[in-house]
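Novice: Got a predicted model here, sequence first, then my questions.
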Amino acid sequence: MTMKFVRRGILLVVSSPSGAGKTTLARRLAKDHNLHFSVSYTTRKPRTGERQGIDYHFVSDEEFARMVQGQLFAEWAVVHGNRYGTAIDTVNEAIEKGVDCLFDIDYQGGRQIRQQWPDDSVLCFILPPSLAELERRLRNRGTESAEVIQSRLAMAKKELAHYKTYDYLVVNEDLETAYSELSSIYGAARCARSRNEPRAQALLAEAFGHD
């Protein structure tokens, strides 16, 4: 008979400079592995095709400030002049229920998640193959001005300096290869001893008759 065992949920953080492909990779991983995709709150205006409550919770500056004051965020940060945050209730509920949760957030948010849940978080940073390729991808979006693109490239250089705080690095030169590597990282995290030790301890207790 299989013993009942609830493995604590994994907090998988995926970060990258804008344009490196983290959102494409993260959403595919969430779909393929039935992960709970954490929907962030943001003061940014919706882009074409983005849906309220699906891509983001779009809120006013006043509502975001109220949530900050009420300490309702697990993490929040200002990125490119807009504020983004993750509700703390979402995180705690996922961990306790054994639900693996995926976060598409920047290094500031990743750092805050790691500080609060060091044993439950797995941090993965997506690297572009080069800054020239990153610029090409940003320009090919066709959604931002040249001034905004230059701002994002300047920020990318600052963000890259934080790669050492992450557990894993994935270079997104080829999307399929990068996805395979990210999927493998998630699979390894699920099998980590620290997350499954209670099961092993229960088996030992059953084998040797210990309480």
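Specialist: Cool, got the structure.

Novice: Now do the helices in the chain.
Specialist: Along the chain, counting by DSSP state H, helices occupy 22-33, 61-69, 88-97, 107-116, 131-141, 146-160, 175-190, 193-208.

Novice: So for residue 78, which of those helices sits nearest?
Specialist: Nearest to residue 78 among those is helix 107-116 (8.3 Å), distances taken as Cβ to Cβ. Heads up, the C-betas are built off the backbone N, CA and C, glycines and all.

Novice: Tell me which of the helices of the chain sits most buried.
Specialist: Counting by mean count of other Cβ atoms under 10 Å, helix 107-116 has the highest mean neighbour count of the helices of the chain, with a mean of 20.

Novice: Which one of the helices of the chain lies nearest to residue 50?
Specialist: helix 22-33 (11.0 Å).

Novice: low pLDDT regions in this structure?
Specialist: Low-confidence segments of the chain (pLDDT under 70): 1-6, 210-211.

Novice: Could you rerun that using 80?
Specialist: 1-7, 142-144, 198-199, 209-211 (pLDDT under 80).

Novice: Quick one: residues contacting residue 78.
Specialist: Going by Cβ atoms under 8 Å, 6 or more residues apart in numbering, residue 78 touches residue 84.

Novice: Using TSV, lay out the helices of the chain together with distance to residue 79.
Specialist: Shown next, in TSV, are those (distance: least, Cβ to Cβ, whole Å):
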stretch	distance to residue 79
helix 22-33	13
helix 61-69	13
helix 88-97	19
helix 107-116	8
helix 131-141	15
helix 146-160	8
helix 175-190	22
helix 193-208	30
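
Novice: closest to residue 48 out of those?
Specialist: Closest of the helices of the chain to residue 48 is helix 131-141, at 10.9 Å (criterion: Cβ to Cβ).

Novice: how many neighbours does the closest residue to residue 116 other than its chain neighbours have?
Specialist: Once flanking residues are discounted, residue 116 sits nearest to residue 74: 6.4 Å by Cβ to Cβ, 6 or more residues apart in numbering. Residue 74 sits with 22 neighbouring residues when counted by other Cβ atoms under 10 Å.

Novice: Residue 53 is nearest to which of the helices of the chain?
Specialist: Across these, residue 53 has its closest neighbour in helix 88-97 (12.7 Å, Cβ to Cβ).

Novice: C-alpha coordinates for that closest one, PDB please?
Specialist: Presented in PDB, the C-alpha positions along helix 88-97 are these (Å, rounded to 0.1, in the frame of the first residue of the first chain):
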ATOM      1  CA  ILE A  88       2.000  36.200  -0.500                       C
ATOM      2  CA  ASP A  89      -1.200  34.100   0.000                       C
ATOM      3  CA  THR A  90      -0.500  32.500  -3.400                       C
ATOM      4  CA  VAL A  91       2.900  31.300  -2.300                       C
ATOM      5  CA  ASN A  92       2.000  30.000   1.100                       C
ATOM      6  CA  GLU A  93      -1.000  28.100  -0.200                       C
ATOM      7  CA  ALA A  94       1.000  26.500  -3.000                       C
ATOM      8  CA  ILE A  95       3.800  25.300  -0.700                       C
ATOM      9  CA  GLU A  96       1.500  23.700   1.900                       C
ATOM     10  CA  LYS A  97      -0.700  22.000  -0.600                       C
END
